[in-house]
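[1] Take a look and give me a structure for this.
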Amino acid sequence: MATVSDILLDALGRVRETVHGLLDDTPEEVLAQPPAPGANTVAWLLWHLTRTLDSHVADAFDRDVVWTSGGWYDRFALPFPASAHGYGQSYDDVLAVRATAADLRGYFDATYELVADALGSVTADDLDRVVDEGWDPPVTLGVRLVSALNDATQHVGQASYAVGILTRG
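    Below is the predicted model:
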């Protein structure tokens, strides 16, 4: 019988497969190109989904975010504070995310390791643990994990769609 951890890791692994496939198959010059005026770029979508996974899971498990602890903030050299993760950003901010496929993959893979390690020990009993008192009702670990994985799934799907638009011939 599959455990809660098995199911969460399977969902995370599917996101990883899609991220890797996108980065393997997308020409580098397409990553920072919006598919339409005002739309998010592939680079921004992949950075944002990774920042969200990184920050949400690190916070829920009281771990350091990979973005800063792993040196990715310095490596990407984005014109935002280290705490930025994409929510509420302007179109100019979206266009400022210019990253190589290697950097996007490296940051995603480092975050994947953090998240997979954390998810590897999650049990059904853990899902009701409150991880954020700042909401009414307070957010449980189960809600936070579903939210983070849902965000990642949506954004990797958007990135796939954008690549399809940008590379159609």
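[2] What values do phi and psi take at residue 98?
    Note on residue 98: backbone dihedrals following degrees, to the nearest 10 are phi -120, psi 100.
[3] I figured it was touching residue 29, is that so?
    No - using CB atoms under 8 Å, residue 98 is not in contact with residue 29, being 10.7 Å away. Glycine gets a C-beta too; all of them are placed from N, C-alpha and C.
[4] Looking at those two now, which is surrounded by more residues?
    Shown here are residue 98 and residue 29; by other CB atoms under 10 Å, residue 98 has more neighbours (15 against 8).
[5] What is the burial count for the nearest residue to the more buried one once chain neighbours are set aside?
    Leaving out its chain neighbours, the residue that sits closest to residue 98 by CB to CB, 6 or more residues apart in numbering is residue 32, at 4.6 Å. The tally of other residues near residue 32 (other CB under 10 Å) stands at 17.
[6] Let me know the pLDDT of residue 32.
    With respect to pLDDT, residue 32 scores 97.
[7] Three-state assignment for it, please.
    Under DSSP: H, G, I helix; E, B strand; the rest coil, the three-state class of residue 32 is coil.
[8] Same check on residue 17?
    Classification of residue 17 by three-state DSSP places it in helix.
[9] Check the gap between it and residue 156 for me.
    9 Å (CB to CB, to the nearest Å).
[10] Looking at these two, which one has more neighbours?
    residue 156 (24 against 11).
[11] Could you find the closest non-adjacent residue to that one?
    Here the residue nearest residue 156, using CB to CB, 6+ apart, is residue 18, at 4.7 Å.
[12] Same question for residue 11.
    Closest to residue 11 by CB to CB, 6+ apart is residue 149, at 5.0 Å.
[13] got any ranges where the protein has weak pLDDT?
    169 (pLDDT under 70).
[14] ok, now with 90
    1, 168-169 (pLDDT under 90).
[15] Show me the strands in it, by range?
    In the chain, the segments counted as strands under DSSP state E are 130-132, 139-140.
[16] buried sites along whichever helix in the chain runs longest?
    Taking DSSP state H as the criterion, the chain has its longest helix at helix 141-167. The neighbour-count check on helix 141-167 (16 or more other CB atoms under 10 Å) flags 141-145, 148-149, 151-153, 155-156, 158-160, 162-163, 166 as buried.
[17] distance of the residue nearest to residue 156 from residue 155?
    10 Å.
[18] One more: residue 148?
    Note on residue 148: its distance to residue 155, by CB to CB, is 11 Å.
[19] Also residue 104?
    From residue 104 across to residue 155, the span is 12 Å (CB to CB).
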